[in-house]
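**Student:** Sequence and predicted structure are below.
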Number of protein chains: 2
Amino acid sequence: MQNNRQNNSCQNGKINSFTQVNQMQKQPNKFRFGGEDVRVVNSMIDIIYPPVPFPSNKIYKALGEVKIREMVDHHHQLLLNTKVGKLFPANEEALKMAIDKSADFFVEALGGDDVFTSAHGEPHLRMRHFKIPIDESDREIWLAMYKKTLKEISFPEEHLEEFWNWIEPLSIRMINRRTNMDEIKRHHWHEIKSGFVSA
Amino acid sequence: MQNNRQNNSCQNGKINSFTQVNQMQKQPNKFRFGGEDVRVVNSMIDIIYPPVPFPSNKIYKALGEVKIREMVDHHHQLLLNTKVGKLFPANEEALKMAIDKSADFFVEALGGDDVFTSAHGEPHLRMRHFKIPIDESDREIWLAMYKKTLKEISFPEEHLEEFWNWIEPLSIRMINRRTNMDEIKRHHWHEIKSGFVSA
């Protein structure tokens, strides 16, 4: 009798990721359907959401609440000119509220006052984003617009790495709509930092 | 310097699932933002897709191609009366093609001729479903309508378990739109079989 208890495959080593399987060379003996016996395809996982290093208060001490809010607004203005803009409320007041809420989060998460939690409760970011279909490309755009923002507002160079190391993996956790088998693209600081180096 | 290489947390044991974290009691010392140091939130995984036991050819030998196609059609007619119906083409010809394709798959997967692969290529089911947003509730409905179908067509009792053990975990792999933090609901045979027992 088949034991259908959820297989914690980390324990038996028999786990694949969709990406791995998709990239495997075609085996000489292809998976044959309808043999004499049941044939088990192993457990799979999809995304392993990497660790997220939340920032220290250095950035908040350097920028302050006003500059952080300006940064978040700048980012959203850029977003609105991309397909990600369609994910935001069309209504102007609702849009402003959404941007303010995002700014509240950044202020508090960077070490400012509890402007987010006092007004909106616990962050639970992934949960809050469930109602919006966010796919891999939406995250790519969101990050690209932050890269642009950080340059355009001349974010302090000495704090770029800490900020980027945070938002880059954090953004992965907002993906709730999968559209392909590929690993989620990483944008590690050491790979992108040359784009920020001052002349 | 923060090492951002994707953390295979199965190796260091520091991995959580979103569901686990969501269910954890509020810790007395809440996660404090913006401390003196960077604070790392550990890797997460979401769904562990359970193993899928593909059926032997017993069911195909018992039913044959015609009855399998009738079953798939019956299932789709039920689906069309649910919200899952909206995921199918509105155009009548395109809908018929979609149903035929699904029937091709079931025939071949159950041990019939290669009617699917010869016409459509490798199954790659998850990939083929990516273009359609499929969430947890869509899967619930899909399964519920199969439960109904199996009863209404008097699917042979001695093969119900093998068929159900296959489609129940297989259906999880079609989910590509996450809308909540809950574990994917399992419908294990031993829990549901009483719904099939003949009088």
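**Tutor:** Yes, it's here.
**Student:** what about the strands in chain A?
**Tutor:** Here chain A has its strands, by DSSP state E, at A:15-17, A:39-41, A:43-45, A:48-49, A:52-54.
**Student:** so what secondary structure elements neighbour the third one?
**Tutor:** Contact analysis of strand A:43-45 by 3 or more Cβ pairs under 8 Å, 6 or more residues apart in numbering or on different chains; DSSP states H and E lists strand A:15-17, helix A:18-23, strand B:48-49 as its packing neighbours. In short, each C-beta sits where N, CA and C put it, glycine included.
**Student:** Relative to residue B:196, which of the strands of chain A is closest?
**Tutor:** strand A:39-41 (23.0 Å; Cβ to Cβ).
**Student:** For the residue lying farthest from the centre of chain A, list the residues it contacts.
**Tutor:** The C-alpha centroid of chain A is most remote from residue A:36, which lies 44.8 Å away (Cα atoms, centre = their mean). Residue A:36 sits next to B:56-57 when contact means Cβ atoms under 8 Å, 6 or more residues apart in numbering or on different chains.
**Student:** And residue A:138, by the same measure?
**Tutor:** A:83-84, A:87, A:175.
**Student:** If you go by neighbour count, which of these are buried?
**Tutor:** Among the contacts of residue A:138, those scoring as buried are A:84, A:87, A:175 (criterion: 16 or more other Cβ atoms under 10 Å in any protein chain shown).
**Student:** ok, the nearest residue to the second one once chain neighbours are set aside - how many residues close by?
**Tutor:** Excluding the flanking residues, the one nearest residue A:87 by Cβ to Cβ, 6 or more residues apart in numbering or on different chains is residue A:132, at 5.0 Å. Other residues near residue A:132 come to 14 when the count uses other Cβ atoms under 10 Å in any protein chain shown.
**Student:** ok, now residue A:181?
**Tutor:** Using other Cβ under 10 Å, residue A:181 has 17 other residues around it.
**Student:** From chain B, how far out is it?
**Tutor:** Per Cβ to the nearest Cβ, to the nearest Å, residue A:181 is found 6 Å from chain B.
**Student:** If I look at that residue, what pLDDT would I see?
**Tutor:** Note for residue A:181: predicted pLDDT of 94.
**Student:** Next up, phi/psi of it, please.
**Tutor:** Backbone torsions of residue A:181, given as degrees, to the nearest 10, read phi -90, psi 0.
**Student:** Between the buried ones among the contacts of residue A:138, which sits nearest residue B:156?
**Tutor:** Nearest to residue B:156 out of these is residue A:175 (Cβ to Cβ; 42.3 Å).
**Student:** Could I get the full set of helices for chain A?
**Tutor:** A:18-23, A:58-79, A:92-109, A:117-120, A:125-129, A:136-152, A:157-172, A:189-192 (DSSP state H).
**Student:** Would you single out the least confident of the ones you listed?
**Tutor:** The minimum mean pLDDT among the helices of chain A belongs to helix A:18-23 (a mean of 72).
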